[in-house]
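Peer 1: quick check, what structure comes out for this input:
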Amino acid sequence: MWAANKPARRPRPSCRTALALSALSALLAACAAGPDFVRPAARYLAVTPATVGADPAQALQVGGAVAADWWRLFQAPALDAALGAALAANPSLQAAEASLRQSQASLRAGAGVFYPQLDLSLSAQRQRQSPLRAAGAGAGVYNLVTLSVAVSYALDVFGGQRRAVEALAAQADAQHAALQGAYLTLSGNVVNSLIARAAYRAQIEATGRFIARQQDQLAIAEARATAGIAPYTDVLAVRSQLAASRALVPPLLHKQDQADHLLASLSGVSPGQWRAPVLELAALALPAQLPLSLPSELVRQRPDVLAAEARLHGASAAIGVA
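Peer 2: The predicted structure is shown next:
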């Protein structure tokens, strides 16, 4: 009788059932709608070491990495000063940095969906009880304080939230590549403009020395024509050559001013408030080692390629979100 009156035990889940539930939970947690992004494979080509031109002082360094401050290889303090000023105040670079910070903040905000959301509210009221509702008791005044706490958690069964965060991460990668592109474009334009300005200045100085020699030739030709030793046509020929040489100076000065205005714009200031650093072509030192990468590795270093790959990643994640 005691065995008959004993309450029946609840059936416990077997080990197989527990393992099945765990596997199902893991499967739902790992499952995400949409295709998984696969980075496109690059084609590898062989590179043969070689020398650069006829200068034995320069050689290619196979597999060498390009430094971020590559302009320091020229060993010119004027380049370092100009790049420092441009990197500190260039509007395009500042805009790219602001866009990167915005995308990174959006990524952090989007990843917060995987954390529990806590909602805490507190309210206080002062109430007075009616004597009619208190069944003959006197009216009382009391304080009513209410504290409520709500905890919510997003159960991302099909992976839509994960795909959305993946798209935000891809957007941050695209902005980072855009910042790298702005950095490389800015540094390249500044270095090219400074070297071009130095070349224009050297041409102006060389043309000035040539004009001085032609003036001396003109004086000699005039003296010879006055003495009757040479015809007057020699004077006219030297004058024509001198006028042609003088006509070369204004275009060179105009190009030098254009380089100055471009450098001022790249530095984030007006041309009237900026003075270009003096750079002599003789002060530039050619790099002894030039890094040489495989074409496939060089493609991976291009910011535009990396930005396009990040946008493709974001589009792939958007399919899963849809």
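Peer 1: in this structure, where is pLDDT below threshold?
Peer 2: 1-31, 42-56, 130-139 (pLDDT under 70).
Peer 1: and the longest helix for it?
Peer 2: helix 160-227 (DSSP state H).
Peer 1: packing partners for that helix?
Peer 2: helix 77-89, helix 91-111, helix 233-246, helix 249-266, helix 303-321 (3 or more CB pairs under 8 Å, 6 or more residues apart in numbering; DSSP states H and E). All C-beta spots, glycine's among them, are computed from the backbone N, C-alpha and C.
Peer 1: got the ones you listed as a markdown table, with mean neighbour count columns?
Peer 2: Shown next, in a markdown table, are these (neighbours: other CB atoms under 10 Å):
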| stretch | mean neighbour count |
| --- | --- |
| helix 77-89 | 17 |
| helix 91-111 | 15 |
| helix 233-246 | 14 |
| helix 249-266 | 17 |
| helix 303-321 | 17 |
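Peer 1: okay, the ones you listed in a markdown table with distance to residue 291 next?
Peer 2: Below are the helices and strands packed on helix 160-227 laid out as a markdown table (distance: least, CB to CB, whole Å):
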| stretch | distance to residue 291 |
| --- | --- |
| helix 77-89 | 18 |
| helix 91-111 | 24 |
| helix 233-246 | 42 |
| helix 249-266 | 25 |
| helix 303-321 | 17 |
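Peer 1: can you tell which of those is closest to residue 127?
Peer 2: Relative to residue 127, the nearest member of those by CB to CB is helix 91-111, separated by 40.3 Å.
Peer 1: hey, C-alpha coordinates of that closest one in PDB?
Peer 2: C-alpha atoms of helix 91-111 as PDB (Å, rounded to 0.1, in the frame of the first residue of the first chain):
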ATOM      1  CA  PRO A  91      40.500  69.400 -44.400                       C
ATOM      2  CA  SER A  92      40.000  66.200 -46.500                       C
ATOM      3  CA  LEU A  93      42.100  64.200 -44.100                       C
ATOM      4  CA  GLN A  94      40.200  65.600 -41.100                       C
ATOM      5  CA  ALA A  95      36.900  64.700 -42.800                       C
ATOM      6  CA  ALA A  96      38.000  61.200 -43.500                       C
ATOM      7  CA  GLU A  97      39.100  60.800 -39.800                       C
ATOM      8  CA  ALA A  98      35.700  62.100 -38.600                       C
ATOM      9  CA  SER A  99      33.800  59.700 -40.900                       C
ATOM     10  CA  LEU A 100      35.900  56.800 -39.500                       C
ATOM     11  CA  ARG A 101      35.100  57.800 -35.900                       C
ATOM     12  CA  GLN A 102      31.400  58.000 -36.800                       C
ATOM     13  CA  SER A 103      31.400  54.500 -38.400                       C
ATOM     14  CA  GLN A 104      33.300  53.100 -35.400                       C
ATOM     15  CA  ALA A 105      30.800  54.600 -33.000                       C
ATOM     16  CA  SER A 106      27.900  53.200 -35.100                       C
ATOM     17  CA  LEU A 107      29.600  49.800 -34.900                       C
ATOM     18  CA  ARG A 108      29.900  49.900 -31.100                       C
ATOM     19  CA  ALA A 109      26.300  51.100 -30.800                       C
ATOM     20  CA  GLY A 110      25.100  48.300 -33.100                       C
ATOM     21  CA  ALA A 111      27.000  45.600 -31.200                       C
END
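Peer 1: that's all I had, so thanks and see you.
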